[in-house]
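Trainee: let me see the structure of the following:
(one chain, ligands or ions: 1)
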Amino acid sequence: MTRRTLVVVSAGLGQPSSTRLLADQLAAAARDELAGRGVDVDLRAMELRDHAHDVVNHLLTGFPPAALRQTLDAIAAADGLIAVTPVFNASYSGLFKSFFDVVDRDALAGKPVLIAATGGTARHSLALEHAVRPMFTYLRAVVLPTAVFAAPEDWAGDDGDSALRARIRRAAGELAEQVDRRPPATGPADPFALTTDFADLLAGRDPS
Ligand SMILES: Cc1cc2nc3c(=O)[nH]c(=O)nc-3n(C[C@H](O)[C@H](O)[C@H](O)COP(=O)(O)O)c2cc1C
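Mentor: Numbering: from 1, shown residues only. Below you'll find the predicted structure:
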């Protein structure tokens, strides 16, 4: 078994949150799809409401508080990302957008990203296509073809075999394929990493 890491970001504000519920179902489906390919998954779930104040502080100061730094590093080092937002005013929520405004510039480049949203009406499902997808494309992520939207009626009478479940499975399959075909993510290069031999440094030798 190989091992990969998926980060699951949920921007729901409710408690309980339908956005978190959708994120959890997507994560479980992705784990199952990857297990079917012989890949073990470390899942890291994050609720952006826990980082809301830190995100604003980062925007104002340019520096992330420690807990937010850990979250940003985890995203940069992940093999794939599941990003789920509630639809607010026909677009992503402000918290969702602000969070991805402070994600490091190259952190998502080439990374498979499954996008999903919840909303009060299915009429706003295309917010995924006119708002969420372009944002991740701008960040040079590999956004999966299937985006998952859940309206209130999708949850009603969910017996595990609904149209929503089928879409979740399809999107999770696409994510698993993209994660499996890539080498494990290494994360961003550490700008302070020691790249020369320590003995050379002590001896004052020029390693170049
Ligand atoms: C300020 C605000 C604006 C909203 N705007 C929309 C909207 O434009 N379209 C829509 O379908 N739902 C809209 N909703 C409903 C939420 O998207 C929906 O309730 C969502 O599933 C809540 O997610 P949560 O349970 O994770 O908090 C809005 C909700 C709030 C609070």
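
Trainee: pick out the residue closest to the middle of this protein.
Mentor: Centroid-nearest residue in the chain: L81, 3.0 Å away (criterion: C-alpha atoms, centre = their mean).

Trainee: which part of the chain gets nearest to the ligand, residue-wise?
Mentor: G12 (2.4 Å; C-beta to the nearest ligand atom). Any C-beta I mention is one placed from the backbone N, CA and C, and that applies to glycine too.

Trainee: tell me the secondary structure at that residue.
Mentor: Classification of G12 using DSSP: H, G, I helix; E, B strand; the rest coil returns coil.

Trainee: any idea how many residues pack against it?
Mentor: 23 (other C-beta atoms under 10 Å).

Trainee: what residues does it make contact with?
Mentor: Counting by C-beta atoms under 8 Å, 6 or more residues apart in numbering, G12 touches 18-20, 23, 47, 49, 84, 86, 118.

Trainee: again, only using 6 Å
Mentor: 19-20, 86 (C-beta atoms under 6 Å, 6 or more residues apart in numbering).

Trainee: so which of the residues you listed belong to helices?
Mentor: 19-20 (DSSP state H).

Trainee: any idea which of the contacts of G12 has the most stuff around it?
Mentor: When neighbours are counted by other C-beta under 10 Å, T19 leads the contacts of G12 with 28 neighbours.

Trainee: that residue touches G119, doesn't it?
Mentor: No - assessed by C-beta atoms under 6 Å, T19 is found out of contact with G119, at 9.6 Å.

Trainee: beyond the helix or strand hosting A23, next helix or strand please.
Mentor: Assigning secondary structure by DSSP states H and E places A23 in helix 18-36. Next in sequence after helix 18-36, counting helices and strands by DSSP H and E, comes strand 39-47.

Trainee: which residues are contacting that next one?
Mentor: Residues contacting strand 39-47 (C-beta under 6 Å, 6+ apart): 1-10, 27, 31, 34, 71, 74, 180.

Trainee: with stretch 144-161 instead?
Mentor: 22, 114-119, 122, 125, 128, 164, 167-168, 170-171, 174-175.

Trainee: do that again at 7 Å, thanks
Mentor: Stretch 144-161 is contacted from outside by 18, 22, 26, 112-122, 125, 128-129, 133, 162, 164-165, 167-168, 170-171, 174-175, 178, using C-beta atoms under 7 Å, 6 or more residues apart in numbering.

Trainee: convert that stretch to CSV, retaining C-alpha atoms only.
Mentor: C-alpha atoms of stretch 144-161 as CSV (Å, rounded to 0.1, in the frame of the first residue of the first chain):
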residue,chain,number,x,y,z
LEU,A,144,-11.6,18.0,-11.6
PRO,A,145,-14.3,18.0,-14.3
THR,A,146,-17.0,16.9,-11.9
ALA,A,147,-18.0,19.6,-9.4
VAL,A,148,-20.6,18.6,-6.7
PHE,A,149,-23.5,20.8,-5.6
ALA,A,150,-25.9,19.9,-2.9
ALA,A,151,-29.3,21.7,-2.6
PRO,A,152,-31.6,21.1,0.4
GLU,A,153,-33.7,18.6,-1.6
ASP,A,154,-30.6,16.5,-2.3
TRP,A,155,-30.3,15.6,1.3
ALA,A,156,-34.0,14.6,1.7
GLY,A,157,-34.5,10.9,1.7
ASP,A,158,-30.9,10.2,0.9
ASP,A,159,-30.8,6.4,1.0
GLY,A,160,-27.2,6.1,-0.1
ASP,A,161,-28.2,5.7,-3.8
